[in-house]
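A.B. asks: Provide a 3D model corresponding to the input given below.
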Amino acid sequence: MSHVFAQEHYLSLHLIMVIQQFYDKGLAHASYAIVRLGKMVVIDPSRDPQPYYEFATSHNAAIVGVIETHPHADFISSHLEIHQTTGATIYVSKLLGAEYPHETFDDGDSIQLADIKLKAINTPGHSPDSICVLAVDENGTEKAIFTGDTLFIGDVGRPDLREQVGNITAAKEELARQMYQSTRKKIMTLPHHVAVYPAHGAGSLCGRHLSPDLDSTIGRELRENYALAAMDEPRFVDLLIADQPFVPKYFGHDVDLNKRGAEPLEKSIAAVPHLKRNALLDQHCVIVDTRPRAVFRKGHLAGAFNIQNGERFETWLGSIIGPDEPYYLIGTDNSTIDLLIRKAAKIGYEKNIRGVLLSPEHAFDYLPDIDLDHFRTHPALYTIIDVRNQNEVNKGIVFAKALTIPLPELRDRLAEIPTDKPIVVHCAAGYRSAAACSIVAAAIGIVPVYDLGEAIASFMKRELPVKE
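C.D. replies: You can find the predicted model right below:
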């Protein structure tokens with residue numbers, strides 16, 4: 001699929017051990033295949049197992065194992081489907097409490113892959129059940145470590161996602177302390193030449209300062225990673241728990257689903273109802289219209305939310321819509337709809353879809369265009385809502401009297417919005433404000449609701465983050 005690319009890393013020049021990285025840009029997720037002498041192990045696979053099957057075939061290898069470094073919060077894994085299809089053994093920490101067939105994989109355990117070994121290292125911190133996987137070649141040399149969400153390039157995993165979900169819960173302060181010990185006693189003691197392969201890159205919400213690089217070495221991380229710098233434990237804890245990104249609504253749901261194991265992808269997406277474009281929809285069910293902002297504004301169904309199809313659609317879908325909330329999905333054409341279903345399935349949201357359809361012919365609601373000159377001259381005549389994340393706002397405000405409501409919180413805080421003046425919504429670049437404007441307009445029909453969109457750039461007084 002076009003959103004997945006791969007890189008091969010040859011770690012020895014004879015009897016090659018092949019490490020293949022598969023990268024999903026939409027979720028900034030990296031998974032891996034390790035091949036040695038006709039046998040293959042997959043680490044932290046995405047929801048779609050097909051790329052791993054194809055890679056195994058191309059290398060004349062049998063998939064004999066699947067390793068989960070922890071129960072992921074930000075995507076659904078295909079570990080159970082791969083096991084059911086190939087018979088591969090699933091390896092996870094005993095602390096995970098897995099509800100599917102598996103073998104435990106903790107400190108002291110190793111997997112023999114032909115003549116190389118994959119060793120488990122318990123590294124709590126991001127989650128209580130996190131492990132890393134150390135690859136040791138046929139000569140006994142430590143070559144690579146697959147760090148899951150423990151160590152990223154330029155960062156470590158956030159510690160605040162397991163306070164209420166998972167087999168073992170822990171306060172973020174406790175997990176931050178565990179991360180300090182895991183990095184100092186287990187990861188930082190490895191040889192400097194050991195390659196580092198994390199489960200995420202820049203754009204992931206599992207950390208703050210992730211590099212766009214997708215691999216590194218222990219030596220480089222010791223030199224450049226702020227979280228591995230010399231500091232005492234209290235200082236580390238304070239740094240790690242401060243200013244973390246927002247937590248999407250779907251994260252806890254995905255931890256629990258990955259603990260159980262998801263059903264096969266193709267079976268699940270085949271069950272999604274396809275509706276005729278003018279089908280009668282349940283008025284009490286959320287409608288997610290994924291068409292471009294300009295098209296949506298000119299005509300959409302009453303109450304629809306404009307979550308545009310784009311590189312981070314999955315994240316925003318799971319941040320705005322709850323994990324148990326049914327919704328309709330509107331797309332521009334049938335091929336786009338099929339892609340959107342697969343994107344929803346990556347976070348386990350395909351089962352919530354009441355139906356998918358093309359834009360109905362009776363989509364007559366519209367959003368008005370803002371008079372930029374009037375707004376620029378008389379901003380006090382408008383209620384301004386800033387839907388950027390709080391850490392972005394902390395770095396600089398655009399309008400002094402704007403009401404700050406981050407997009408993931410907007411639906412729960414609509415009652416805070418005054419309705420005595422026209423409303424203007426803005427973010428940093430236009431994607432989030434399009435969604436927010438549609439949400440506010442659907443709830444408030446008393447005054448006009450305007451989306452400042454990309455015009456926000458002309459109002460910025462300083463450089464602000466524009467990653468949507």
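A.B. asks: for residue 380, phi and psi?
C.D. replies: The phi/psi pair for residue 380 (degrees, to the nearest 10) reads phi -70, psi -10.
A.B. asks: next, count neighbours for it.
C.D. replies: Counted with other CB atoms under 10 Å, the neighbours of residue 380 add up to 10. C-beta: built from backbone N, CA, C; applies to glycine.
A.B. asks: what of residue 58?
C.D. replies: 10.
A.B. asks: measure it to residue 84 for me?
C.D. replies: 22 Å (CB to CB, to the nearest Å).
A.B. asks: and for residue 16?
C.D. replies: Look at residue 16 and residue 84: by CB to CB, they are 30 Å apart.
A.B. asks: immediately after the least confident helix or strand in the chain by mean pLDDT, which helix or strand?
C.D. replies: Using mean pLDDT, DSSP states H and E, strand 4-10 stands out as the lowest-scoring helix or strand of the chain, at a mean of 41. Downstream of strand 4-10, the first helix or strand assigned by DSSP states H and E is strand 18-24.
A.B. asks: can I get that next one in PDB? Just the C-alpha atoms.
C.D. replies: Extracted in PDB, the C-alpha atoms of strand 18-24 (Å, rounded to 0.1, in the frame of the first residue of the first chain):
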ATOM      1  CA  VAL A  18      18.000  -9.100   7.100                       C
ATOM      2  CA  ILE A  19      16.000  -6.500   9.100                       C
ATOM      3  CA  GLN A  20      13.200  -4.900   7.200                       C
ATOM      4  CA  GLN A  21      11.400  -1.800   8.500                       C
ATOM      5  CA  PHE A  22       7.800  -1.100   7.500                       C
ATOM      6  CA  TYR A  23       6.700   2.500   8.100                       C
ATOM      7  CA  ASP A  24       3.100   3.800   8.300                       C
END
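A.B. asks: in the helix or strand following that strand, what's buried?
C.D. replies: Counting by DSSP H and E, the next helix or strand C-terminal to strand 18-24 is strand 29-36. Neighbour counts using 16 or more other CB atoms under 10 Å place 29, 30, 31, 32, 33, 34, 35, 36 of strand 29-36 among the buried residues.
A.B. asks: contacts only, for the residue lying closest to the first one once chain neighbours are set aside.
C.D. replies: Spelled out, that is residue 29. Among residues not flanking residue 29 along the chain, residue 75 sits closest, at 5.5 Å (CB to CB, 6 or more residues apart in numbering). Residue 75 sits next to 24, 27, 29, 46, 47, 254, 346, 347 when contact means CB atoms under 8 Å, 6 or more residues apart in numbering.
A.B. asks: now do residue 126
C.D. replies: For residue 126, the contact set (CB under 8 Å, 6+ apart) comprises 70, 148, 149, 150, 156, 157, 158, 159, 161, 175, 179, 206.
A.B. asks: now residue 247
C.D. replies: Residue 247 makes contact with 160, 161, 205 under the criterion CB under 8 Å, 6+ apart.
A.B. asks: one more pass at 7 Å, please.
C.D. replies: Residues in contact with residue 247, defined by CB atoms under 7 Å, 6 or more residues apart in numbering, are residue 161.
A.B. asks: confidence score at it?
C.D. replies: As predicted, residue 247 sits at a pLDDT of 93.
A.B. asks: next: the one 3 residues further on.
C.D. replies: Reading off the confidence values, residue 250 has pLDDT 97.
A.B. asks: cool, and residue 170?
C.D. replies: 88.
A.B. asks: gap between stretch 50-62 and the chain center?
C.D. replies: Here stretch 50-62 is found 25 Å from its chain centre; the criterion is CA atoms, centre = their mean, to the nearest Å.
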